[in-house]
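Asks: generate a structure from the sequence data that follows.
(one chain, ligands or ions: 1)
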Amino acid sequence: MENFDDSDVIPDLVDIGDDRPPISSLVIENTIVKTVPVTIVTGFLGAGKTTFLNFILTEQHEKKIAVILNEFGEGSVLEKSLAVGTQGDLYEEWLELRNGCLCCSVKDNGVKAIENLMKKKGKFDYILLETTGLADPGPIASLFWLDSELCSDIHLDGVITLVDAKHGLRQINEVKPDGSVNEATRQIALADVILLNKEDLVIAEELSELKNHIQTINSEATFITTHHGRVNLNEVLDLGLYYQATNLSPSKFSNSSESHLDLSVRSVTLELNERLTPEIVDTYLQRLLWEKDVVNSLGLTLEIFRIKGIVRYSQPESVQPSFVIIQAVYDTYDTMPVKPEATNTADLSSQPDVRFVFIGRHLELAVLKNALLQLLRPD
Ligand SMILES: Nc1nc2c(ncn2[C@@H]2O[C@H](COP(=O)(O)OP(=O)(O)OP(=O)(O)O)[C@@H](O)[C@H]2O)c(=O)[nH]1
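Replies: A predicted model of the protein is given here:
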């Protein structure tokens, strides 16, 4: 996994030769090591996050789930019942439920804090991390994802964003005085699953207008319409999206594509029938996510929040797996081999060699494509 901090110096590319471990061995390692999945639950103020978490906690399941609130706030009974305590730099208070699940409030949402909690309370089967309504889930997701590579006890499973069916459109369209992307849009851009909650408060036409608008921002998320956050748990937990490519069917990648320059946050799909090497993929992603020196025809830097991709490598399969899934959240990205035995081969045969879906602002398909072609054909 790759991550870059603004303060870091961009490393020179080095020849990694044949010493690089095959990617598949990392995945095999991951599947052996049992770590605890973390699902990030986000959504604008009042969208129904706490209602959704309460539903999961009380729903019949075999799991010992820990819900972690990363900020204190007014709100539901669940939140109000948590008093603020202090232990070093970690503020925490527990609420233990009869079914063994528990709820905890932490001021520090770092991975270490959660690992410390697990030491004290025993391992959980699952962690749900609720962000505040005004949080940008990108850095939080990067943090948990990155740490899973560092032999942590936990791994990022997915990002779920709740959207208020009645007020969602207004929240998404809100203009920030400083011109930055508003929180509701960022939360949607980062989502793997979007719950259109409070469906009881709108008519079908309003719901489909909202869904269509959200789909232009994030064409890749799965949509579920909910009432008081009631959902089939299989659709939101144990998705394994940042962990293994086996259960991420390539057919999930949608066909939407935009060729014009759009200044708002949008999904843009780039398809190409050219075999890439891992080095080209790395260089391309590093330019877009770290160096950020790719600009559109108006001279605006491409601001990318999320990338999902599927790429066929040019090496023989004995050296590299043929297809890899690429996930990127902000400045963190990773490649995961698609295991042929877990994939419908018909899905793979209909895939172009390269398919990237970018979610961000100031995106322009021609610019994204040219940046990749330049690497393929430097002359
Ligand atoms: N009508 C209706 N009300 C709902 C639904 N889901 C949640 N609510 C209500 O909406 C209000 C806000 O729900 P919460 O679950 O507290 O929302 P939240 O996202 O946790 O809110 P913050 O923590 O303030 O950001 C509560 O009064 C809920 O009972 C729904 O599907 N329909």
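
Asks: now the helices for the stretch 201-350 of the chain?
Replies: Along the stretch 201-350 of the chain, counting by DSSP state H, counting those that start in this stretch, helices occupy 204-217, 278-286, 345-349.

Asks: rounded mean pLDDT for the second one, please.
Replies: When pLDDT is averaged over helix 278-286, the result is 95.

Asks: can you check stretch 176-188 too?
Replies: The predicted model assigns stretch 176-188 a mean pLDDT of 94.

Asks: would you map out the domains in this structure?
Replies: As given by the TED database, the domain ranges for the chain are 36-74+89-235, 265-376.

Asks: before we move on, back to that, return the most buried member of the helices of the stretch 201-350 of the chain.
Replies: Of all those, helix 278-286 has the most neighbours on average by mean count of other CB atoms under 10 Å, namely a mean of 19. From N, CA and C alone the C-beta is placed, and that goes for glycine too.

Asks: just the CA coordinates of that one, formatted as CSV?
Replies: Taking C-alpha atoms only, helix 278-286 is exported to CSV below (Å, rounded to 0.1, in the frame of the first residue of the first chain):
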residue,chain,number,x,y,z
PRO,A,278,2.9,-2.2,-12.4
GLU,A,279,5.5,0.5,-12.7
ILE,A,280,3.3,2.5,-15.0
VAL,A,281,0.3,2.2,-12.7
ASP,A,282,2.4,3.3,-9.8
THR,A,283,3.8,6.3,-11.6
TYR,A,284,0.4,7.3,-12.9
LEU,A,285,-1.2,7.1,-9.5
GLN,A,286,1.7,8.9,-7.8
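
Asks: counting by contacts, list what it packs against.
Replies: For helix 278-286, the packing partners by 3 or more CB pairs under 8 Å, 6 or more residues apart in numbering; DSSP states H and E come out as strand 323-329, strand 332-337, helix 365-376.

Asks: tabulate the ones you listed (a markdown table), appending mean pLDDT and distance to Val38.
Replies: Supplementary listing: the helices and strands packed on helix 278-286 in a markdown table, determined by pLDDT from 0 to 100; distance: least, CB to CB, whole Å:
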| stretch | mean pLDDT | distance to Val38 |
| --- | --- | --- |
| strand 323-329 | 90 | 13 |
| strand 332-337 | 88 | 15 |
| helix 365-376 | 95 | 31 |
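
Asks: which one of the ones you listed lies closest to the ligand?
Replies: Judged by CB to the nearest ligand atom, the one of the helices and strands packed on helix 278-286 that comes nearest to the ligand is strand 323-329, at 21.5 Å.

Asks: other SSEs contacting that closest one?
Replies: Here strand 323-329 touches helix 137-149, helix 278-286, strand 303-312, strand 332-337, going by 3+ CB pairs under 8 Å, 6+ apart.

Asks: tell me, how many residues neighbour the closest residue to Gly229 other than its chain neighbours?
Replies: Leaving out its chain neighbours, the residue that sits closest to Gly229 by CB to CB, 6 or more residues apart in numbering is Phe52, at 2.9 Å. Using other CB atoms under 10 Å, Phe52 has 24 neighbouring residues.

Asks: quick one: low-confidence parts of the chain?
Replies: Residues of the chain that meet the criterion pLDDT under 70 lie in 1-33, 70-100, 105-113, 121, 146-152, 244-262, 316-321, 340-347.

Asks: spell out which parts of it neighbour the ligand.
Replies: When proximity is defined as CB under 6 Å from any ligand atom, the chain approaches the ligand at 43, 45-51, 73, 75-76, 133, 197-198, 200-201, 227-229.
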